[in-house]
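J.: need a structure here:
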Amino acid sequence: MLTPMASIWVEGVSRSFVQALESLAAAVGDCTDELWEASMWEVPAPGADHQFLGPDWKPITDAAQRNALVEGWVARRSTPWSVAWHALEVLDYDLNGEFGPWSPPPPFAGHPHWRDLPSLPTAWARTEVLGYVDHCRELVHNKLASITDEQAATPLPAAHRFGGQPHAFIITSLVVHTTEHAAQIRQFITGAGVPFDAS
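T.: You can find the predicted model right below:
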């Protein structure tokens, strides 16, 4: 909970973030081993113009290596662990907004989702993803406890994919993005017979 001096919109966004992250954590925590690496929907193969990068940030040009990455992308993109990782990384990055150095916490540091999803040796464990949820809870609390209206209105730097938009626009949209992906995982595991206690 924020201090009594926090603006009402910040208080409202904070409460929504709490609910979104609780929903994601609950869905991740309830996901079974069998479903953790199962595709939730069919993923089309990336087109020939999609560029895969290696750990050295250089494009992958070897055909066999690229084909393996395409297969990995298709197999992993819609799995619960991938979708949860994506949701948390986006939240983490967009809270920073390219206003300073940014890196996710270990063991995710150095492994951007969009680059390393198809090549990561193994899926992240649920405990690791839940640790990232806790990290994001703290980030959200700290950000919203200190943000001013002036900071919220500051346009994002050009390096950000939404460069030029007020930071507040992106921060508030993160609630919807996180909730959407939590709901996808919840719907998938519920459809597979995992019980859901809504209390």
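J.: Pick out the least confidently modelled helix or strand of this structure, by mean pLDDT.
T.: helix 149-153 (a mean of 92; mean pLDDT, DSSP states H and E).
J.: Tell me which residues of that helix come out buried.
T.: Buried residues in helix 149-153, counted by 16 or more other Cβ atoms under 10 Å: A152. For glycine as for every other residue, the C-beta is placed from the backbone atoms N, C-alpha and C.
J.: From the contact counts, what lies against it?
T.: Secondary-structure packing of helix 149-153 (3 or more Cβ pairs under 8 Å, 6 or more residues apart in numbering; DSSP states H and E): helix 167-191.
J.: what's near enough to touch the closest residue to G54 other than its chain neighbours?
T.: Of all residues not flanking G54 in the chain, I60 sits nearest, at 5.7 Å (Cβ to Cβ, 6 or more residues apart in numbering). For I60, the contacting residues are Q51, F52, L53, G54, R66, L69, by Cβ atoms under 8 Å, 6 or more residues apart in numbering.
J.: Report the secondary structure element holding the residue nearest the centre of the chain.
T.: Residue closest to the average C-alpha location in the chain (Cα atoms, centre = their mean): A87, at 1.9 Å. Here A87 sits within helix 80-96, counting by DSSP states H and E.
J.: what's next to that helix, contact-wise?
T.: The contact list for helix 80-96, computed with Cβ under 8 Å, 6+ apart, reads 24, 27-28, 31, 35-38, 40, 76, 102, 104, 108, 112-113, 117, 123-124, 126, 129, 132-133, 135-136, 139-140, 143, 160, 170-171, 174, 177-178, 181-182, 184-185, 188-189.
J.: Using PDB, write out the CA atom coordinates for that helix.
T.: Extracted as PDB, the C-alpha positions of helix 80-96 are listed here (Å, rounded to 0.1, in the frame of the first residue of the first chain):
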ATOM      1  CA  PRO A  80       3.000 -21.000 -19.900                       C
ATOM      2  CA  TRP A  81       6.700 -20.500 -18.900                       C
ATOM      3  CA  SER A  82       7.400 -18.400 -22.100                       C
ATOM      4  CA  VAL A  83       4.200 -16.300 -21.800                       C
ATOM      5  CA  ALA A  84       4.800 -15.600 -18.100                       C
ATOM      6  CA  TRP A  85       8.500 -14.700 -18.800                       C
ATOM      7  CA  HIS A  86       7.400 -12.400 -21.600                       C
ATOM      8  CA  ALA A  87       4.800 -10.700 -19.400                       C
ATOM      9  CA  LEU A  88       7.300 -10.100 -16.600                       C
ATOM     10  CA  GLU A  89      10.100  -8.900 -18.800                       C
ATOM     11  CA  VAL A  90       7.900  -6.400 -20.500                       C
ATOM     12  CA  LEU A  91       6.600  -5.100 -17.200                       C
ATOM     13  CA  ASP A  92      10.200  -4.900 -15.900                       C
ATOM     14  CA  TYR A  93      11.500  -3.100 -18.900                       C
ATOM     15  CA  ASP A  94       8.600  -0.700 -19.400                       C
ATOM     16  CA  LEU A  95       8.700   0.400 -15.800                       C
ATOM     17  CA  ASN A  96      12.300   1.500 -16.500                       C
END
